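A.B. asks: Could you work out the structure for the sequence below:
(one chain, ligands or ions: 2)
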Amino acid sequence: MGDYKAFLTVPRKEAGYRPVHDRVHDFGEVEQTLYEGDRRQQASRCMDCGVPFCNWACPLGNRPPEWNDAVFRGDFSLAYRLLNSTNDFPEFTGRVCPALCEKACVLNLTLHEPTTNRENEAAITEIAFRENYVIPDCPERNGKRVAVIGSGPSGLSAANRLNRSGYEVTVFEKNGSPGGLLRYGIPNFKLNKSIVDRRISLMEKEGVRFRCGEPVSVDSLPEGFDAYVVATGTPVARDLDIPGRDLSGVHLALELLSDQNRVLGGEDLGEREQISCKGKNVLVIGGGDTGSDCIGTAHRQGCLSVTQIEIMPKPPVGPDDPANPWPMWPRTLRTSSSHEEGCVRRWNINTLRFLGEDGHLTGVEVQPINWEKDPSGGRPKMVPSGGKEVIKAEIVLLAMGFLRPVLPEVGENVFFAGDALSGASLVVRAMASGHKAAAEVDGFLSGTRR
Ligand SMILES: Cc1cc2nc3c(=O)[nH]c(=O)nc-3n(C[C@H](O)[C@H](O)[C@H](O)COP(=O)(O)OP(=O)(O)OC[C@H]3O[C@@H](n4cnc5c(N)ncnc54)[C@H](O)[C@@H]3O)c2cc1C
Ligand code: SF4
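C.D. replies: Ligands and ions are numbered 1, 2, ... in the order given. Predicted structure coming up:
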């Protein structure tokens with residue numbers, strides 16, 4: 001620990017976002033970076049606590065006190081090695097992780113000014129690539145072959161770990177390019193796809209083979225492999241089966257988001273027109289992160305207005321909620337960069353039907369509701385709390401989460417990872433699950449499984 005009093009004298013400083021008027025006209029990353037001097041000062045705030053709750057909260061078991069100290073001392077090469085020892089792709093988590101570690105930081109307990117771990121992570125990684133500290137690592141091969149099905153963060157981290165342990169790894173991906181939701185879900189304004197390409201290119205140099213455009217069924221896995229990791233994500237989005245669902249203009253959120261990412265990536269959509277919010281009033285159904293990504297995308301496409309509705313109550317406005325104390329993840333209201341760009345947000349709203357003319361959506365009938373507690377301890381009951389109303393909308397985006405896949409019966413050499421195993425989650429959790437699957441494969445193939 002370099003500066004043992006810095007947390008008392010240096011306030012938390014975030015790099016912040018580009019100004020709204022500037023960023024809403026392009027799909028470039030919205031987040032800015034600090035100067036190196038400021039970054040080192042931010043790292044100096046880490047107190048190297050006796051019990052590092054940040055390490056406990058991070059699904060990857062990252063060790064912020066160690067790399068924060070290296071950053072404070074200006075040794076970015078060491079910082080990257082420390083960070084990369086637990087985190088295979090810190091350039092992804094440094095951009096899109098909700099920073100579970102920061103919520104558990106001791107400086108969040110009283111000051112609500114935790115260390116800027118996530119940003120520090122991104123800065124360490126960008127400097128490491130810039131200064132060529134990141135070089136291909138090609139281990140000796142052990143003669144065994146593993147197939148990874150799916151190239152999202154869980155498949156990539158399983159492939160990376162296994163490759164570095166000497167296995168010959170082939171990744172099968174049904175899409176035209178690897179990355180899963182990193183490429184076809186998360187918008188470019190949060191994660192530029194050159195960052196994904198850079199990592200894929202490094203993995204290829206290290207020997208991982210990518211076979212894109214090749215869907216693989218778990219029922220007929222490709223022959224010639226000693227083990228398999230199935231990391232196929234959660235492909236089925238939750239739908240809303242109410243009158244008017246078949247009107248033109250009602251879409252699943254991922255249809256909008258993946259179209260936009262494909263177009264920005266230069267992919268051809270064929271005969272199909274890109275789903276677009278240009279010149280339309282947009283209604284996003286679902287108050288979570290995917291909904292927020294739709295809002296940012298709608299603005300960049302030139303929408304007229306955006307409203308986001310959520311059936312659940314408004315979460316408490318932080319920072320403290322006695323029912324949900326530190327160091328747990330705070331279930332408080334989150335306002336994203338996309339919300340800041342302009343959006344009406346409403347909670348406790350039920351959607352009744354989609355309305356249209358000549359097959360095209362014109363509005364959505366909704367009703368305010370309340371959730372009444374069940375005295376016998378059962379699920380709360382939804383009761384109307386106001387009259388029906390119509391929200392004008394020419395496009396609706398359904399962002400209500402994904403169905404948890406049912407795991408099929410498989411042989412003992414098949415392992416599952418990421419969202420396919422746990423249901424829709426986070427990049428950092430998917431990566432941690434990929435690590436675990438790789439360790440299971442290694443234990444199985446090397447005969448050291450306990
Ligand atoms: C719009 C959106 C935004 C998000 N934003 C964030 C965020 O900001 N921060 C965060 O932490 N998390 C975010 N998430 C969640 C995060 O992206 C996922 O939890 C994570 O990508 C899951 O990783 P995965 O590898 O398990 O699955 P995925 O990323 O879904 O990858 C699965 C891959 O398997 C492929 N596949 C599927 N079936 C087959 C088959 N039969 N054969 C071959 N390949 C197949 C798919 O094409 C895909 O490439 C977001 C999710 C969405 C939908
Ligand atoms: S991956 Fe996320 S939770 Fe883990 S140290 Fe980085 S920002 Fe924190």
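A.B. asks: Local confidence estimate at the residue lying closest to E29 once chain neighbours are set aside?
C.D. replies: Excluding the flanking residues, the one nearest E29 by Cβ to Cβ, 6 or more residues apart in numbering is N192, at 5.3 Å. All C-beta atoms are positioned from the backbone trio N, CA, C, and that covers glycine. N192 is assigned 98 on the pLDDT scale.
A.B. asks: where along the stretch 151-300 of the chain do the strands fall?
C.D. replies: Taking DSSP state E, counting those that start in this stretch as the criterion, the stretch 151-300 of the chain carries its strands at 168-173, 209-212, 227-230, 250-252, 281-285.
A.B. asks: Go through those strands and name the closest to ligand 2.
C.D. replies: Ligand 2 sits nearest to strand 227-230 of all the strands of the stretch 151-300 of the chain, at 20.8 Å, using Cβ to the nearest ligand atom.
A.B. asks: For the stretch 101-250 of the chain, which residue gets nearest to ligand 2?
C.D. replies: For the stretch 101-250 of the chain, Cβ to the nearest ligand atom, closest residue to ligand 2: C101, 3.1 Å.
A.B. asks: and that residue, which of the three is it?
C.D. replies: helix (DSSP: H, G, I helix; E, B strand; the rest coil).
A.B. asks: thought it was touching R63?
C.D. replies: No - at 9.8 Å, C101 does not count as touching R63 under the criterion of Cβ atoms under 8 Å.
A.B. asks: So between the two, which is more surrounded?
C.D. replies: Using other Cβ atoms under 10 Å, the more surrounded residue of C101 and R63 is C101, with 29 against 19.
A.B. asks: The residue lying closest to that one once chain neighbours are set aside: what's it in contact with?
C.D. replies: Spatial nearest neighbour of C101, chain neighbours left out: C54 (3.7 Å); criterion: Cβ to Cβ, 6+ apart. Listed by Cβ atoms under 8 Å, 6 or more residues apart in numbering, the contact set of C54 reads 62, 64-65, 101-102, 104-105, 115, 117.
A.B. asks: got any ranges where the protein has weak pLDDT?
C.D. replies: For the chain, residues meeting the criterion pLDDT under 70 lie at 1-2, 450.
A.B. asks: The longest helix anywhere in it and ligand 2, any residue contact?
C.D. replies: Ranked by residue count and defined by DSSP state H, the top helix of the chain is helix 427-445. Yes - counting by Cβ under 6 Å from any ligand atom, ligand 2 is contacted by helix 427-445 at V428.
A.B. asks: Give the residues shared as contacts by C101 and R63.
C.D. replies: Counting by Cβ under 8 Å, 6+ apart, the residues touching both C101 and R63 are N55.
A.B. asks: how far away is the residue found closest to P136 once you drop the neighbours it is linked to in the chain from E31?
C.D. replies: Nearest residue to P136 in three dimensions, chain neighbours excluded: K205, at 4.1 Å (Cβ to Cβ, 6+ apart). According to Cβ to Cβ, to the nearest Å, K205 stands 28 Å off from E31.
A.B. asks: Counting neighbours, go ahead and name the busier of the two.
C.D. replies: Counting neighbours by other Cβ under 10 Å for K205 and for E31 shows that E31 has the greater number, 20 against 12.
A.B. asks: export the strands of the stretch 151-300 of the chain to a markdown table and tack on mean neighbour count?
C.D. replies: Formatted as a markdown table, those follow (neighbours: other Cβ atoms under 10 Å):
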| stretch | mean neighbour count |
| --- | --- |
| strand 168-173 | 23 |
| strand 209-212 | 16 |
| strand 227-230 | 25 |
| strand 250-252 | 21 |
| strand 281-285 | 26 |
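A.B. asks: so which of those strands gets nearest ligand 1?
C.D. replies: Closest among these, using Cβ to the nearest ligand atom: strand 168-173, at 4.9 Å.
A.B. asks: which helices and strands sit right next to the closest one?
C.D. replies: Using 3 or more Cβ pairs under 8 Å, 6 or more residues apart in numbering; DSSP states H and E, the elements in contact with strand 168-173 are strand 145-149, helix 153-164, strand 209-212.
A.B. asks: Out of these, which is closest to ligand 1?
C.D. replies: Closest approach to ligand 1 among the helices and strands packed on strand 168-173 (Cβ to the nearest ligand atom): helix 153-164, 3.5 Å.
A.B. asks: any idea how far the closest one is from the chain center?
C.D. replies: 17 Å (Cα atoms, centre = their mean, to the nearest Å).
A.B. asks: Does it reach ligand 1?
C.D. replies: Yes - if you take Cβ under 6 Å from any ligand atom as the test, helix 153-164 does meet ligand 1, through 153-155.
A.B. asks: And stretch 23-35, by the same measure?
C.D. replies: No - against ligand 1, stretch 23-35 shows no contacts by Cβ under 6 Å from any ligand atom, the least distance being 11.5 Å.
A.B. asks: Give me the three-state assignment for the residue nearest to C101.
C.D. replies: Once three-state DSSP is applied, C54 turns out helix.
A.B. asks: returning to what we had before: ok, and the most crowded of the residues of helix 153-164 next to ligand 1?
C.D. replies: In terms of neighbours by other Cβ under 10 Å, those top out with S154 at 35 neighbours.
A.B. asks: which of the contacts of C54 lies closest to S217?
C.D. replies: Distance to S217, by Cβ to Cβ, is smallest for N62 among the contacts of C54, at 35.2 Å.
A.B. asks: Verify the contact between that closest one and N84 for me.
C.D. replies: No - counting by Cβ under 8 Å, N62 does not reach N84; the two are 10.1 Å apart.
A.B. asks: one step back: wait, the residue nearest to E29 touches G28, no?
C.D. replies: Yes - checked against Cβ under 8 Å, the pair N192 and G28 is within contact range at 7.2 Å.
A.B. asks: CSV for the strands of the stretch 151-300 of the chain, including distance to ligand 1?
C.D. replies: Converted to CSV, the strands of the stretch 151-300 of the chain look like this (distance: least, Cβ to the nearest ligand atom, whole Å):
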stretch, distance to ligand 1
strand 168-173, 5
strand 209-212, 9
strand 227-230, 8
strand 250-252, 10
strand 281-285, 12
